[in-house]
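Undergrad: Here is the input, now give the coordinates:
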Amino acid sequence: MQLRFIIAVLTFCLFAHRGIAQDAPEIRALAEGVLTTIPLSAEDGETLTGPISLVEVVNGIPDLDWTPNYDPKTRTLIEKAKRVTLRRSIWELELSFKPMRMVEVDIPQPTGKMQRKRIWYLVYRVSNRGLARRPKAVADEFGQETFGIERVNFPTRRFFPHFVLESLEYNKAYMDRIIPSAQKLIQRRENPGANIKLHNSIEMSQIPIPLSDERIERGVWGLATWEDIDPRIDFFSVYVRGLTNAFKFVDPPGAYQAGQAPGSGRVFTHKTLQLNFWRPGDSVLEHEGEIRYGVPVDPDPNLQNHVLMMLGLPERLDHRWVYR
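TA: Numbering: from 1, shown residues only. Predicted structure coming up:
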């Protein structure tokens, strides 16, 4: 009887282990410090815009201004439209990335020939940690509606990657490109683990990213690649958009005219992660070991200010969140 019990326990443990392994593919162990993780940064204030004037009503509908006989004027449509608060749920994804690297790849050309090019690339992981912020209406003791913030865990989120490598030093910007020949080579070189693929930006946008928890990391690995980077670049930033749905907008004066479609002339900016890098090499012998994450420290205040200007920073920041 005791032997049967032991066999049953061992069988249960074996299947439980297999279940966990299937739920979370085996990831190759990385040395400490290789993977840099950017902390989550969502704020309650990002769940609302306003109070603002709703130009589609105030400027778009004529003859709304009138004075009621028995109600305060603040209850009229036009007065309410002058102070509107727009609310929305805000979610975010966590980004972890390995050091920026380079690889030599033969790239097919329109002529049908192959050209050897140096490709810059960034291997990253996006994880869904949950804890999205959602406005929740609450009635106070006087029956008036107020809003608080509740935390919710969406079972999946989508990441639509938008990577731009930008150098203020030479006023150049490079979009992430899909390079199949480089993707295969980088996959073999990096090999994050068994059954784990490095997805390009198109593939990544098609994958629902499941919720991770303290026990199992279910993040999805991706790859951003750039070609024809100016070898003279010493200071540059990588801007990553799509990690959160937070945004801001403004209606420039006179941009919306009566009769236009709602939202015409409205200018949106999206919350974007800025990762800063520098490379103390030269333009002749480019090497991935020269690319460093962060901002260098220079004892000369003038040179330090020059570095900050090249990265568009007010102070030394390895990363920051901007709206652009």
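
Undergrad: how much space between G45 and K271?
TA: Distance of G45 to K271, computed by CB to CB, to the nearest Å: 12 Å. (Glycine included, C-beta is placed from N, CA and C.)

Undergrad: Which stretches in the stretch 201-324 of the chain count as strands?
TA: Along the stretch 201-324 of the chain, counting by DSSP state E, counting those that start in this stretch, strands occupy 209-210, 220-226, 235-241, 247-250, 267-278, 292-293, 319-323.

Undergrad: Looking at those strands, which is nearest to E141?
TA: strand 247-250 (33.6 Å; CB to CB).

Undergrad: Give me the packing partners of that closest one, helices and strands only.
TA: Packed against strand 247-250, as judged by 3 or more CB pairs under 8 Å, 6 or more residues apart in numbering; DSSP states H and E, are the following elements: strand 267-278.

Undergrad: quick one: the strand it packs on to strand 319-323, angle?
TA: 160 degrees (axes from the mean of the first three to the mean of the last three CA atoms, to 10 degrees).

Undergrad: between strand 267-278 and strand 235-241, how many degrees?
TA: 140 degrees.

Undergrad: Which residues does strand 267-278 contact?
TA: With CB atoms under 8 Å, 6 or more residues apart in numbering as the test, strand 267-278 has contacts from 38, 46, 95, 97, 100, 234-241, 243-244, 246-252, 255, 291-296, 307, 311, 313, 317-324.

Undergrad: Pull up the pairing partners for it, direction included.
TA: Note on strand 267-278: by DSSP bridges, its sheet partners are strand 235-241 (antiparallel), strand 247-250 (antiparallel), strand 292-293 (antiparallel), strand 319-323 (antiparallel).

Undergrad: nearest to D228, of those?
TA: Taking the strands paired with strand 267-278 one by one with CB to CB, strand 235-241 is closest: 13.9 Å.

Undergrad: So which bits of that closest one are buried?
TA: 235-240 (16 or more other CB atoms under 10 Å).

Undergrad: and what of stretch 94-110?
TA: Judged by neighbour count using 16+ other CB under 10 Å, the buried positions of stretch 94-110 are 94-103, 105, 107.

Undergrad: cool, and stretch 124-143?
TA: Under the neighbour-count criterion of 16+ other CB under 10 Å, stretch 124-143 has 124-130, 132-135 buried.

Undergrad: OK, contacts around the residue nearest the centre of the chain?
TA: For the chain, the residue whose C-alpha lies nearest the mean C-alpha position (CA atoms, centre = their mean) is L243; its distance is 2.4 Å. Contacts for L243 (CB under 8 Å, 6+ apart) come out as 92-95, 126, 159, 271, 273.

Undergrad: Try it again at 7 Å.
TA: Shown in contact with L243 (CB atoms under 7 Å, 6 or more residues apart in numbering): 92-93, 95, 273.

Undergrad: now A182
TA: 103, 105, 119, 121, 225.

Undergrad: does it sit in a helix or strand, and which one?
TA: Following DSSP states H and E, the helix or strand that holds A182 is helix 180-190.

Undergrad: tell me which residues of that helix are tucked away?
TA: For helix 180-190, the neighbour count (16+ other CB under 10 Å) marks 182-183, 185-187, 190 as buried.

Undergrad: Ok, stretch 206-226 next?
TA: 209-212, 219-226.

Undergrad: ok, which pair from these is furthest apart?
TA: Spatial extent of these (CB to CB) is set by the pair L211 and W226 at 31.1 Å.

Undergrad: Any idea how many residues pack against R177?
TA: 16 (other CB atoms under 10 Å).

Undergrad: I am assuming it contacts D228, so please confirm or correct that.
TA: No. R177 is beyond contact range of D228, at 9.2 Å (criterion: CB atoms under 7 Å).

Undergrad: contacting residues around V240?
TA: Neighbour list for V240: 95, 163, 272-273, 275 [criterion: CB under 7 Å, 6+ apart].

Undergrad: For those, give me a markdown table that also has pLDDT and distance to G263.
TA: Putting these into a markdown table (pLDDT from 0 to 100; distance: CB to CB, whole Å) gives the following:
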| residue | pLDDT | distance to G263 |
| --- | --- | --- |
| L95 | 98 | 30 |
| F163 | 98 | 27 |
| T272 | 98 | 21 |
| L273 | 98 | 26 |
| L275 | 98 | 31 |
